[in-house]
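1. Could you work out the structure for the sequence below:
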Amino acid sequence: MMPDQGQLPQREGDAIAERLREELARRRVSRQAVADMARVSLSTLEKALSGSRPFTLATVVRLEEALGTVLRDRHTLAPAASSGLAPEHMGAYSRAAVRWIEGDYVTLRPSFSMAGAINAYRTRIFWDDAADYLCFAESERVDGAFAQSGHVSMPNLSGHTYLVTNEAGQHRLFILGRPTREGCIFGLLSTLQVGVGSQLVPVACPVAFVPRAQLADVPMGLLSADNPAFSECRDILDRAVQDDFCRWRQ
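-> Got it, this is the predicted structure:
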């Protein structure tokens, strides 16, 4: 029987399931957590892992973006060789020109749920060989259900970097400036915050991306003022506005 459009062949799906189980075990991440990060239902993930429902390409791409790794056989990712050049609408950047931004970062931003606290979580920026452009994926968030992933635009016109999530037309956007000598990147996040009931309210805040090695001892999650790492993270985050990487206007 031929698979439905978008469904992967059983043999390929079995191989993906095995690689995914290995990744979850190695990272000690639950199936619920990776389902939340990839924005797929736990039921869909469970059925695909058990072989009772075929993986779809869309689901696998979401899982790869969330985990920041390739689950498919590299020989089947694309029939043609990678051009190493992103699409024009993302800035037409070459991989060689953007290698400096690839890596793991600790993302710092104000908490939307706890006044005065800082939300710290991991963001990985990486080149997707199949898509031929930079992608990003968040993880280790205290609110794992809201972890985001998407593509990275780097147009020459503005000199800024844009991390964009587009889910069924709903957008979330980071606008980041040029890196400092230490490799930190500062800017602005524009997103939606849960308001009264199920209402979503537009919200913006400063943000800092710090190479993970520089904050290796900082725990991921909500950092309140009594946390030993709070003062250091507060000083870093404040640079976004103090050093004019973003501005507030009333």
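2. what separates the residue sitting nearest the centre point of the chain from Leu63, distance-wise?
-> In the chain, the centroid-proximal residue (Cα atoms, centre = their mean) is Ala137; its distance is 1.8 Å. In this structure, Ala137 and Leu63 are 10 Å apart, going by Cβ to Cβ, to the nearest Å. Where C-beta positions appear, they are placed from N, C-alpha and C, glycine not excepted.
3. Mind listing the residues bridging to the residue nearest to the centre of the chain?
-> Bridge pairing for Ala137 (DSSP bridges) gives the partners Arg124, Ser149.
4. ok, and for the helix or strand of the chain with the lowest mean pLDDT, which residues are buried?
-> Counting by mean pLDDT, DSSP states H and E, the chain has its least confident helix or strand at helix 57-67, which shows a mean of 83. Buried positions in helix 57-67, judged by neighbour count with 16 or more other Cβ atoms under 10 Å: Thr59, Val60, Val61, Arg62, Leu63, Glu64, Glu65, Ala66, Leu67.
5. Tell me how the chain divides into domains.
-> Split into domains by automatic domain parsing, the chain comes to 10-73, 88-242.
6. Mind telling me which of these the model trusts least?
-> Note on those: domain 10-73 shows the lowest mean pLDDT, a mean of 85.
7. which ones are touching Leu42?
-> In this structure, Leu42 makes contact with Arg31, Gln32, Ala35, judged by Cβ atoms under 8 Å, 6 or more residues apart in numbering.
8. distance between the longest helix along the chain and the chain's centre?
-> Longest helix in the chain by number of residues (criterion: DSSP state H): helix 10-27. Distance, stretch centre to chain centre, for helix 10-27: 20 Å (Cα atoms, centre = their mean, to the nearest Å).
9. and the angle for that helix with helix 57-67?
-> Inter-element angle recorded for helix 10-27 and helix 57-67: 20 degrees (by axes from the mean of the first three to the mean of the last three Cα atoms, to 10 degrees).
10. The chain: helices as residue ranges?
-> Using DSSP H, the helices found in the chain span residues 10-27, 31-38, 42-50, 57-67, 95-98, 230-242.
11. Kindly present those as CSV, with separate columns for distance to Phe186.
-> Output for the helices of the chain, formatted as CSV (distance: least, Cβ to Cβ, whole Å):
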stretch, distance to Phe186
helix 10-27, 28
helix 31-38, 24
helix 42-50, 35
helix 57-67, 24
helix 95-98, 18
helix 230-242, 4
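12. Which of those helices sits closest to Leu163?
-> Nearest to Leu163 among these is helix 57-67 (11.9 Å), distances taken as Cβ to Cβ.
13. Could you check the angle the closest one makes with helix 42-50?
-> 100 degrees.
14. can you give me the angle helix 57-67 makes with helix 31-38?
-> 100 degrees.
15. Now do helix 57-67: which elements does it pack against?
-> Counting by 3 or more Cβ pairs under 8 Å, 6 or more residues apart in numbering; DSSP states H and E, the packing neighbours recorded for helix 57-67 are helix 10-27, helix 31-38, helix 42-50, strand 133-139, strand 149-153.
16. For Phe126, which of these is the nearest?
-> Closest approach to Phe126 among the helices and strands packed on helix 57-67 (Cβ to Cβ): strand 133-139, 6.0 Å.
17. What angle do helix 57-67 and that closest one make with each other?
-> Computed with the same axes, to 10 degrees, the direction of strand 133-139 lies at 70 degrees from that of helix 57-67.
18. Contacts for strand 133-139, please.
-> With Cβ under 8 Å, 6+ apart, strand 133-139 has contacts from 37, 65-68, 86-87, 90, 93, 98, 101-102, 107, 121-128, 147-152, 154, 163.
19. now with 7 Å?
-> Under the contact criterion Cβ atoms under 7 Å, 6 or more residues apart in numbering, strand 133-139 has outside partners 37, 65-68, 86-87, 90, 98, 121-128, 147-152, 163.
20. Give the buried subset of those as a PyMOL selection command.
-> Buried members of the contacts of strand 133-139, defined by 16+ other Cβ under 10 Å, are picked up in PyMOL with:
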select buried, resi 37+65+66+67+68+86+90+98+121+122+123+124+125+126+127+128+147+148+149+150+151+152+163
